[in-house]
Every structure is written in structure tokens, then in C-alpha cells.
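# here is a sequence with its predicted model. Questions after.
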Amino acid sequence: MKKRWFIISFALFAVSVILAVVSIIYSKRKTENVPEFVFLYADNQSENYPTTLGDIQFAELVYKKTGGRIKIDVKCGAELGSEAEVINQMKFGGIAFARVSCTQLAERIPEMNVLNLPYLYDDSEHMWRVLEGEIGEDFLDKTGDYDLVGLSWYDAGARNFYSTEKPITCVEDIAGMNIRVQESAMMADMVSALGANPVEVVFSDVYSALEKGTVDGAENNWPSYVSMNHNKLAKYYTEDEHMRVPEMQVCSEVIWNMLDESDKKIIKECAKESADYERRVWNDRERKSKENAVNDGTEVIELTQEEKKKFRDAMSGVYEKYCGEYMDTIKKIIEY
């Protein structure tokens, strides 16, 4: 009898312990506010790059505004694959969010090539008028052609020419020069249209090419120009702003359709807020890079709008070749 009572007492004790543990776990989870959704966000840039900082800001805003119900885990440095691989995974919901370049989107949505055209915008203000207006909204919607949802625009600055032996002050100056370009048919055609010779060199080898004289110049934004020490060899930096390729925050349509309308609204609001933040971070990075270069001896050449127009006028064949069927949209952007 005593043995039976001992077994019953032990069993009741064990049950009470289990119930207590379950209660503690439940209480702890409730306190910690365990997310209802945990999503992956992909970026191929480094952890301290402006776009990645914008991604992190977006994730923090979403977590806060949903009361912790939606957690977004940002993976940078191409941890989840190249931009092309990420976009493919997003089509099937493998990755929920990403920051991608319009050059990659254009591989799947041809009309996106319009936003990649050289000398499309007069300046930064012109580009943001376009992107934040009706045209920009239309292009965000076009991502639906590849089962994506466009959320907001990120800044990636302007690409400019820089040279070693002489400054580029007008179209005539660049004629005959050997200019490094990335592996892009459009970039090569742009340089050829200006009368120069495009030379494809991988980014990591540009310093060596400038040093050896294999190329007379190259092109990139201020942060890249300084971070790779190209300013040590190419002291002339011409702000022709030939390329302003915007970047976009996108969501997988598969994931988007899982969310209710209130969460969709929150995510779009957070995407816009984080985009404003990313632009401020980018502008600060760009300003500091330019200051460092100038203090180190870089000569900055600023082109007038009239001179920039001559560069743009040389692009008529490039526009026709890559976006001939979208000339009405191009005209609308130029006049916006």
C-alpha cells in the first residue's frame, strides 16, 4: 500500500513539475513575444555599406511596428547567393526580401533597362523626382512581371569618369582614351559612342591597369573610387554623372500573399522610411569620400548642363539599341 501511495505521489509530483515547466516556457515565450513570421532578407554588399544599413533599418522598423510579430533576418555579403541567384529564389519564396540593382531586374524585366541608360538624368534631384513620382511607382509595379513586389528605391550614387594623364572637360577630351568598363555591353557601347575605347577589366584589377597604363581612366562612384585607392593614380575626376542606376527593395510575391492587408501596409511604410534613411547614409558616405579625395589631391571637374547635353546627345544609338521600343518613356523621363 505504501509502495502504491509512493508511486502515485511521485507521479503527481512529476506532473506538477511538467506543468510548471510548460507554464514557465509559455510565460517566457509570451514575454519574449515570439515572432509569427521570420523572413530572410538578402544583400550582396558588406555589413557597413549604405544599402545594408538601410536593410537593417527596415528590419528593425518592421519588428517594432508589428509588435515583434514579424522578424526579418538580414544576410549581407552575398551570404544567400549572388543577386541573380537571390532573385530566382524569391520567385518561389525561398527568400522573402532583398535589395537588388535594376541591372539585375532588367535581365528578367526588359523595360527596366530604361532606368539603366547613361545620361538619363540631369542630376540627383531629377532622378528622385522621377522615382518618387508616377513613373517610379509604375516601375515598382513592373516587378510583378517576375512575381516580385517593389517596395521602395535605394540610392547607389552616380558613376563618373576619372583619368590619369589629363582631365576630361568635354566630349572631345575623352575621344581616343582607353577607358576601363565593367563587363557590360551597354557600358562598352556608351564609351564607344563617346569616341573612346572600352577595355573590360574586373574591378579588383583596375588599380593595376591604371598603374601599368593599360587604361587611361575608369569610371565609378566616389566611395568606390576612394576605397580602392584609384584616386592615388587617377587624379582627375569628372562629375559627368553618366550613370545613376537606382536600386530597389523587393518582396517575394509568394511571401507577400501570406500577409494580411495591415501587415502589407506596415511593410510598405517601413520600406519608404528605410529608403529615406539609406539616402542620408549614402549622401554622407559620398560627401566624406569626395572630401578625402580632394584633400589627397584629386582635381574635380564639374560639367555644365550644356556640356552634359553633348554627352547625352552622343547616346542616341545606345538608347535605340537597348530601349528602342520604350522611347516614349525615355522622353517622358528626360522631360520630367
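Looks like it came in fine. Residues are numbered from 1 along each chain as shown.
# where does the stretch 101-250 of the chain have low pLDDT?
The model of the stretch 101-250 of the chain has no residue with pLDDT under 70.
# can you pull out the strands in it?
Counting by DSSP state E, counting those that start in this stretch, the stretch 101-250 of the chain has strands at residues 148-154, 159-163, 178-181, 197-200, 217-220, 236-243, 247-252.
# with only the CA atoms kept, save the fifth one in PDB.
Looking back up the chat, that one is strand 217-220. Output of strand 217-220 as PDB, limited to C-alpha atoms (Å, rounded to 0.1, in the frame of the first residue of the first chain):
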ATOM      1  CA  GLY A 217      40.900  56.100 -67.000                       C
ATOM      2  CA  ALA A 218      37.900  54.300 -65.500                       C
ATOM      3  CA  GLU A 219      34.500  55.200 -64.000                       C
ATOM      4  CA  ASN A 220      32.800  54.600 -60.700                       C
END
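# off-centre distance for that strand?
Between the centre of strand 217-220 and the centre of its chain there are 20 Å (CA atoms, centre = their mean, to the nearest Å).
# do the first one as well
When distances are taken as CA atoms, centre = their mean, strand 148-154 is centred 10 Å away from the chain's centroid.
# reformat the strands of the stretch 101-250 of the chain as CSV; add distance to R312 and mean neighbour count.
C-beta: built from backbone N, CA, C; applies to glycine. Converted to CSV, the strands of the stretch 101-250 of the chain look like this (distance: least, CB to CB, whole Å; neighbours: other CB atoms under 10 Å):
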stretch, distance to R312, mean neighbour count
strand 148-154, 22, 24
strand 159-163, 14, 25
strand 178-181, 17, 22
strand 197-200, 18, 16
strand 217-220, 16, 26
strand 236-243, 9, 23
strand 247-252, 22, 26
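# save those as CSV, and put in distance to E307 too.
CSV is the format used below for the strands of the stretch 101-250 of the chain (distance: least, CB to CB, whole Å):
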stretch, distance to E307
strand 148-154, 28
strand 159-163, 13
strand 178-181, 18
strand 197-200, 21
strand 217-220, 17
strand 236-243, 8
strand 247-252, 28
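# C323 is nearest to which of those?
Closest of these to C323 is strand 236-243, at 14.5 Å (criterion: CB to CB).
# what packs against the closest one?
Judged by 3 or more CB pairs under 8 Å, 6 or more residues apart in numbering; DSSP states H and E, the packing partners of strand 236-243 are strand 159-163, helix 185-193, strand 217-220, strand 299-302, helix 305-313.
# starting from it, tell me which strands it pairs with and how they run.
Here strand 236-243 has these sheet partners by DSSP bridges: strand 159-163 (antiparallel), strand 299-302 (parallel).
# and the contacts of the longest one?
Counting by CB atoms under 8 Å, 6 or more residues apart in numbering, strand 159-163 makes contact with 168, 174, 177, 179, 216-222, 225, 230-231, 234, 236-245, all of which sit outside it.
# redo that, cut-off 7 Å
168, 174, 177, 216-221, 225, 230, 234, 236-243 (CB atoms under 7 Å, 6 or more residues apart in numbering).
# and the angle for it with helix 305-313?
Computed by axes from the mean of the first three to the mean of the last three CA atoms, to 10 degrees, the angle separating strand 159-163 from helix 305-313 equals 100 degrees.
# returning to that earlier point: which one, of the helices and strands packed on strand 236-243, ends up nearest to I267?
I267 sits nearest to strand 159-163 of all the helices and strands packed on strand 236-243, at 30.6 Å, using CB to CB.
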